[in-house]
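J.: sequence and predicted structure below; questions after.
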Amino acid sequence: MSNNELSTNRIMARQNGIVQPLLTDLYQITMAYAYWKSGKVNDVAVFDLFFRTNPFQGEFTIFAGLEECLKFLQNFHYSDSDIEYLMHILPDNIEPEFFAYLKDLTCKDIKLSAIEEGSVVFPRVPLLRIEGPLIIAQLLETTLLTLVNFASLMATNAARYRMVAGKNVSLLEFGLRRAQGPDGGLSASKYAYVGGFDGTSNVLAGKMFNIPVKGTHAHSFVTSFSTLDDITSVVLRHADTHEQCNILELSLEWRRRISSIIDVSPEEASDGELAALMSYAIAFPTGFLALVDTYDVKRSGLLNFCAVALALNDCGYRAVGIRIDSGDLAYLSVLARSTFEQIAEEFKLPWFSKLTIVASNDINEETILSLNEQGHKIDCFGIGTHLVTCQRQPALGCVYKLVEINGQPRIKLSQDVGKVTIPGHKEAYRLFGADGHALIDLLQRSSEPAPIIGQKVLCRHPFQESKRAYVIPSKVEHLYKVYWSDGGVCISPKPLSQVRERVQSSLRTLRQDIKRNLNPTPYKVAVSDDLYNFIHDLWLQNAPIGELS
Ligand SMILES: Nc1ncnc2c1ncn2[C@@H]1O[C@H](COP(=O)(O)OP(=O)(O)OP(=O)(O)O)[C@@H](O)[C@H]1O
Ligand SMILES: O=P(O)(O)OC[C@H]1O[C@H](OP(=O)(O)OP(=O)(O)O)[C@H](O)[C@@H]1O
Ligand SMILES: O=C(O)c1cccnc1
Ligand SMILES: [Mg+2]
C-alpha cells in the first residue's frame, strides 16, 4: 500500500454511523424503482449541487463536507436488513429483481468532481458535479445535501466569527448542549474548527476529528462548596522543591494582603467560592482557569481568583486565567485586566498582567462587534448556542439538480429567474486580478477552452443580457478536481487542520468589501458568452408559448 493510500485510509476511516444509504428521503428510492421499471438503468446523468444565496446576509460561503461525501460514496451499500426494510415499506407489487439490483449497487460507476474543501464559494457555482448512472446519482441526492449543507453553513458561520474576532483572539466552541441533537453537535464542533475556531469542549469530536479539546469549569463546581470547611485537602507540593504548601493558608493570607489593592474587603468575598477555586487549583495546578462570576466578579470572584493564583505562584505554578459568563463583558474584562496589571506591578510578577480572560454567555457576531467598539480585554470567547445552531440563519439552501441526461442538457424553468438552473456539463474558473484578489467566477460549457492568463474573456450575467464585462485574468484557477472515480478516491482528503488553513488562505483572496459585515459587495458569478447563448436557446425551446384570449 502506498503512503498516499495509507493516509487516505487513515483520514477516511471514521464516519458517523448514521450516514448510510437509508439516510435519505423515501422519494429517492421510489424514483429509483420507477426509473428501473421504465428502462432507465443505463441512462447516464449529470447532477450539480449548488446553492442560490449566501447565508447570514453575507456575500461568501465556505464549502465543507467533501470528505464526508467521499466516505459516503466509499461505504455506499444496502445491507440485507436495509433491503428487508425496503421490502417491508414499499408496496407489494415491487418486482423482486429491483431489490436484487439494489443489493449490488455501489458507487463504482460514479464520478464526483468538486471544489476543494475549505474554499470560498458563491451562488450558482456547483460545489459538486456528480456524473454516472441516473439511478445511483439520484439515490445520492439527499445524503450529499445533508452532508454539505450543514457543514458549509457551520464553517461559514465559524469563519464569520473568526473574522469579527480577529486573529489574536482565541475562539472555543462550547455548543454541544445546545446543538440540534448529538449529530448536529458533533458536526458543529468539526466544522467550527474548520471555519477557524481553535478548539472545542466536545470530547468525542476531539477524539474523532483530532480537534484540540479545551474548557474551564461550570458554576456548579463553585456552588457545590459553601464554606472553607468544605475543602478537605489543602496541600500542594511545590513544583520544583516538592515541599508541601498549604494552599488554604497561603490563599487566605494573599486575600487579606491584596484586598486593599483591589479595594474589596475579604469579608464581602464568598468563602465557598474560595474553597472551590482552591480545590480546582490543587487538582489542576498547571491549568488553573477559574469561573469568577458565580456571585460577583468585582466583589468576590476576582479577589478569590487572584488570592489562589498568588498562592499557586508560591508553590511554583502559574495560573492560566479566568472566565466571565455574565454581566457587562466589556466592563468586567477591563476591570479584570487592570486588577491583574496592578498585582503584576505591586508584586513584580509581569506574567500576572497577561493572564487569560475568557468570556462567554450568549455571544454572537454582533456582540463581538459591539465589544470591539467598546474596547475590551478578552483573550478568548467561548461560544455555544448562536454558533452551533446558526441562529441567524439555520439552513443553507444547497440543491441538487439534473443538468444533463444521456448527453442532452436539461433546464429547470421557474417564474423566479434566480431559480432557473444552468444546464449542461460545465466547468468553473476563478479569475484573479493583478493585485491577487479573486475578481469573478466564470462558468463555461465543458467543451469550451479554459480562459487564458492575459487574454480578454467576456463574462456575462447568466440572466441579464445587459450585464457583462471583459476580464483579463492575471491568474486562472480551474475550480474542479475529480475526487472520486472508478470506485475509489482519487485525491486523498487533507487533514482537518489543513482544510482549516485552506479556509483562511481562500478568504484572503477576497476583497475586504466582499467580506465586510454590513452591506457587503456581492462577488460576481458569470457565464461565458457560449454558455449564455446555450442557456437562453434551451430556455426558449422549453418555455411554452402562451396564447392570449
Ligand atoms: N458590553 C457588552 N456589550 C454588548 N453586549 C454584551 C456586553 N456584555 C454582555 N453582553 C451580552 O449581553 C447579554 C447579557 O445577557 P443577560 O441579559 O442574560 O444578562 P446576564 O449577564 O447573563 O445576566 P445573569 O446574571 O442573569 O446571567 C449576553 O448576550 C451577553 O453576551
Ligand atoms: O451561552 P452560549 O453561547 O450558549 O455558551 C455556552 C454556555 O453554556 C454554559 O452555561 P449554560 O448556558 O449551560 O448555563 P448558564 O447560562 O447558567 O451559565 C456556559 O457557561 C455558557 O454560558
Ligand atoms: O469549558 C467550559 O467552560 C464550557 C464548556 C461547555 C459549555 N460552557 C462552558
Ligand atoms: Mg448561558
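T.: Good, I have the coordinates. Numbers count the residues shown, from 1 in each chain. Ligands and ions are numbered 1, 2, ... in the order given.
J.: how about the helices in the stretch 401-549 of the chain?
T.: 496-508, 512-515, 529-542 (DSSP state H, counting those that start in this stretch).
J.: quick one, strands of the stretch 101-250 of the chain?
T.: For the stretch 101-250 of the chain, strands defined by DSSP state E, counting those that start in this stretch occupy the ranges 111-114, 120-121, 128-133, 170-173, 199-200, 235-237, 244-246.
J.: to Asn54, which of the helices of the stretch 401-549 of the chain lies closest?
T.: helix 512-515 (10.0 Å; C-beta to C-beta). In this view, the C-beta of every residue, glycine as well, is placed from N, C-alpha and C.
J.: the residue of the stretch 201-350 of the chain found nearest ligand 3: neighbour count?
T.: Proximity of the stretch 201-350 of the chain to ligand 3 (C-beta to the nearest ligand atom) peaks at Gly215, 2.7 Å away. Close neighbours of Gly215, defined as other C-beta atoms under 10 Å, add up to 17.
J.: returning to that earlier point: in CSV, list the strands of the stretch 101-250 of the chain along with mean neighbour count, distance to Asp529 and mean pLDDT.
T.: Listed next are those as CSV, based on neighbours: other C-beta atoms under 10 Å; distance: least, C-beta to C-beta, whole Å; pLDDT from 0 to 100:
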stretch, mean neighbour count, distance to Asp529, mean pLDDT
strand 111-114, 22, 23, 98
strand 120-121, 28, 23, 98
strand 128-133, 22, 22, 98
strand 170-173, 24, 44, 98
strand 199-200, 25, 48, 98
strand 235-237, 16, 75, 97
strand 244-246, 16, 78, 97
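J.: just name the most buried of the helices of the stretch 401-549 of the chain.
T.: helix 496-508 (a mean of 18; mean count of other C-beta atoms under 10 Å).
J.: using PDB, write out every CA atom in that helix.
T.: Extracted in PDB, the C-alpha atoms of helix 496-508 (Å, rounded to 0.1, in the frame of the first residue of the first chain):
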ATOM      1  CA  LEU A 496      -8.800  18.800   9.000                       C
ATOM      2  CA  SER A 497      -6.100  21.200  10.200                       C
ATOM      3  CA  GLN A 498      -5.100  21.800   6.500                       C
ATOM      4  CA  VAL A 499      -8.700  22.300   5.500                       C
ATOM      5  CA  ARG A 500      -8.900  24.900   8.300                       C
ATOM      6  CA  GLU A 501      -5.800  26.600   6.800                       C
ATOM      7  CA  ARG A 502      -7.400  26.500   3.400                       C
ATOM      8  CA  VAL A 503     -10.400  28.400   4.700                       C
ATOM      9  CA  GLN A 504      -8.200  31.300   5.800                       C
ATOM     10  CA  SER A 505      -6.000  31.300   2.700                       C
ATOM     11  CA  SER A 506      -9.100  31.200   0.500                       C
ATOM     12  CA  LEU A 507     -10.700  34.100   2.400                       C
ATOM     13  CA  ARG A 508      -7.600  36.200   1.900                       C
END
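J.: and this protein, which of its residues are near ligand 1?
T.: Neighbours of ligand 1 within the chain, by C-beta under 6 Å from any ligand atom: 326-330, 361-363, 367, 370-371, 374.
J.: tell me if I'm right that Leu204 and Asp183 touch.
T.: No. Taking contacts as C-beta atoms under 8 Å, Leu204 lies outside contact range of Asp183: 11.1 Å.
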